[in-house]
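Undergrad: 3D, please:
(one chain, ligands or ions: 2)
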Amino acid sequence: DTLINQIAAGEVVERPASVVKELVENALDAGAGRVDIDLEEGGTRLIRIRDDGRGIARDELALAVSRHATSKIASLEDLEGVGTLGFRGEALPSIASVSRFRITSRREEDEHAHAIEVDGGRVAPPVPRPHPRGTTVEVRDLFYNVPARRKFLRAERTEFGHIEEWLRQLALARPQVELRVTHNGKPSRRWKGEADLLSDVRLHETLGPEFARHAMRVDHEGAGLRLHGWIARPAYNRASADQQYLYCNSRAIRDRSVAHAVKLAYSDVMYHGRQPAYVLFLELDPRRVDVNVHPAKHEVRFRDSRLVHDFVYRTLQSALAETRA
Ligand code: ADP
Ligand code: MG
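TA: Numbers count the residues shown, from 1 in each chain. Ligands and ions are numbered 1, 2, ... in the order given. Okay, here's the model as predicted:
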């Protein structure tokens, strides 16, 4: 099984940032209000994610690191309307097969926590350990047993940069969650928990004062779709597409058709070749979108892609038209 897990890891675990993503998403799925992220050497030496979520029972720890054991999907119907971020039960076994791995967890009702260690895929029995309610996952020496993959890890700064970029993406989508990040023992970022809607404070903290100064709110509903968030006025145009954040039902996505709709809306008001900046949330009935397309789950498939495209285009075009008036 270790080999199968390592092969799956090739898809799920590209680099430290993908490990951080999978682990933090598990924390959010467990209802965490606060997530602590400790990194060493860009995550290559250590990634430690601690949450205050609902925890895992002692007897389910081994299951959590075994293949296709997800607690999140009980039926095909669930798969259709999947509301959690994870659902394949692949992340933990994959990560554990290519690292020195430990998961420690405690539920509210447990007297103390239990931990299991997995070394290159070999699972040890659970042992008691002190830990508050919630879960800590530690991933050390990523790819230590897969030299061909280890070779592709980049400089510490680069790997850390990928993690930071993903954290920005997350911080924008989950304002309720408090996030703390340390790197090599030093505090690196901290986002305080806020209300459900992204505030201009967090926007400012995440994308900087320039974006915040040029941002305008959009919020529009129709045909069972809602598009809300912030778009930058055309004057704030960028040479690269580095501040384009798009979410569908709280999940960061990449979608050509929606990206095209946004671009089209800006095309009248922005110089050719310049890039708009935005943080946009699209919401619709989960049954109208298929997220089960790729393990990394950035891509989605809308049941009526044309409708979504036109809705996004019209909403933004009329918001931007006001900036000209
Ligand atoms: P998936 O998220 O697709 O279900 P994972 O391999 O990421 O698969 O996780 C396997 C299972 O382990 C989850 O379904 C969940 O039951 C449990 N689990 C993982 N991380 C946590 C966590 N931080 N808190 C509570 N349960 C967790
Ligand atoms: Mg998961």
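Undergrad: do you know how far residue 125 is from ligand 2?
TA: 23 Å (Cβ to the ion, to the nearest Å). (Each C-beta comes from the backbone N, C-alpha and C, glycine too.)
Undergrad: I'd guessed that residue sits against residue 114; true?
TA: No: between residue 125 and residue 114 there is no contact under Cβ atoms under 8 Å: 9.5 Å.
Undergrad: My read is that residue 316 contacts residue 260, right?
TA: No: with contacts counted by Cβ under 8 Å, residue 316 stays clear of residue 260, the gap being 11.7 Å.
Undergrad: These two: which is more packed in?
TA: More crowded of residue 316 and residue 260, by other Cβ atoms under 10 Å: residue 316, with 23 against 13.
Undergrad: Now for the closest residue to that one other than its chain neighbours, which secondary structure element holds it?
TA: Nearest residue to residue 316 in three dimensions, chain neighbours excluded: residue 265, at 3.6 Å (Cβ to Cβ, 6 or more residues apart in numbering). If you go by DSSP states H and E, residue 265 is part of helix 256-267.
Undergrad: contacting residues around that helix?
TA: Among residues not part of helix 256-267, those counted as contacts by Cβ atoms under 8 Å, 6 or more residues apart in numbering are 234, 244, 246, 276, 278, 280, 282, 302, 305, 308-310, 312-313, 315-317, 320.
Undergrad: Could you rerun that using 6 Å?
TA: 276, 305, 309, 312, 313, 316, 317, 320 (Cβ atoms under 6 Å, 6 or more residues apart in numbering).
Undergrad: Check stretch 123-138 too.
TA: 23, 48-53, 55, 58, 61-62, 102-106, 108, 112-117.
Undergrad: List buried members of those residues by neighbour count.
TA: 23, 48-53, 55, 58, 61-62, 102-106, 113-117 (16 or more other Cβ atoms under 10 Å).
Undergrad: which among those are in contact with ligand 1?
TA: 51, 53, 55 (Cβ under 6 Å from any ligand atom).
Undergrad: What is the least confident helix or strand in this structure?
TA: helix 76-80 (a mean of 53; mean pLDDT, DSSP states H and E).
Undergrad: State the next helix or strand along the chain beyond that helix.
TA: Taking DSSP H and E, what comes next after helix 76-80 is helix 91-97.
Undergrad: How far does that following helix sit from its chain's centre?
TA: 17 Å (Cα atoms, centre = their mean, to the nearest Å).
Undergrad: State the mean pLDDT of it.
TA: Across helix 91-97, pLDDT averages out at 92.
Undergrad: Which strands or helices does it pack on?
TA: helix 2-12 (3 or more Cβ pairs under 6 Å, 6 or more residues apart in numbering; DSSP states H and E).
Undergrad: Please work out which residues outside the helix it packs on touch it.
TA: With Cβ under 6 Å, 6+ apart, helix 2-12 has contacts from 90, 91, 93, 94, 97, 98, 121, 295.
Undergrad: distance of the fourth one from residue 139?
TA: Plainly put, residue 94 is 11 Å away from residue 139 if you go by Cβ to Cβ, to the nearest Å.
Undergrad: And the third one, by the same measure?
TA: Using Cβ to Cβ, one obtains 13 Å as the distance from residue 93 to residue 139.
Undergrad: Kindly report the same for the second one.
TA: Remark: distance between residue 91 and residue 139 (Cβ to Cβ) = 11 Å.
Undergrad: same thing with the fifth one?
TA: Look at residue 97 and residue 139: by Cβ to Cβ, they are 11 Å apart.
Undergrad: ranges for the strands of the stretch 201-325 of the chain?
TA: For the stretch 201-325 of the chain, the strands defined by DSSP state E, counting those that start in this stretch cover 215-222, 225-232, 244-248, 251-252, 278-283, 289-290, 301-302.
Undergrad: Next, format the ones you listed as TSV and append mean neighbour count.
TA: Listed next are the strands of the stretch 201-325 of the chain as TSV, based on neighbours: other Cβ atoms under 10 Å:
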stretch	mean neighbour count
strand 215-222	14
strand 225-232	21
strand 244-248	19
strand 251-252	18
strand 278-283	21
strand 289-290	20
strand 301-302	16
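Undergrad: As a markdown table, the ones you listed with distance to ligand 1 and mean pLDDT would be great.
TA: Below are the strands of the stretch 201-325 of the chain laid out as a markdown table (distance: least, Cβ to the nearest ligand atom, whole Å; pLDDT from 0 to 100):
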| stretch | distance to ligand 1 | mean pLDDT |
| --- | --- | --- |
| strand 215-222 | 31 | 96 |
| strand 225-232 | 26 | 96 |
| strand 244-248 | 18 | 94 |
| strand 251-252 | 13 | 88 |
| strand 278-283 | 22 | 96 |
| strand 289-290 | 16 | 87 |
| strand 301-302 | 19 | 91 |
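Undergrad: any low-confidence regions in the chain?
TA: 8-9, 68-88, 292-297, 325 (pLDDT under 70).
Undergrad: any idea how it splits into domains?
TA: With domains defined by automatic domain parsing, the chain comprises 2-191, 207-324.
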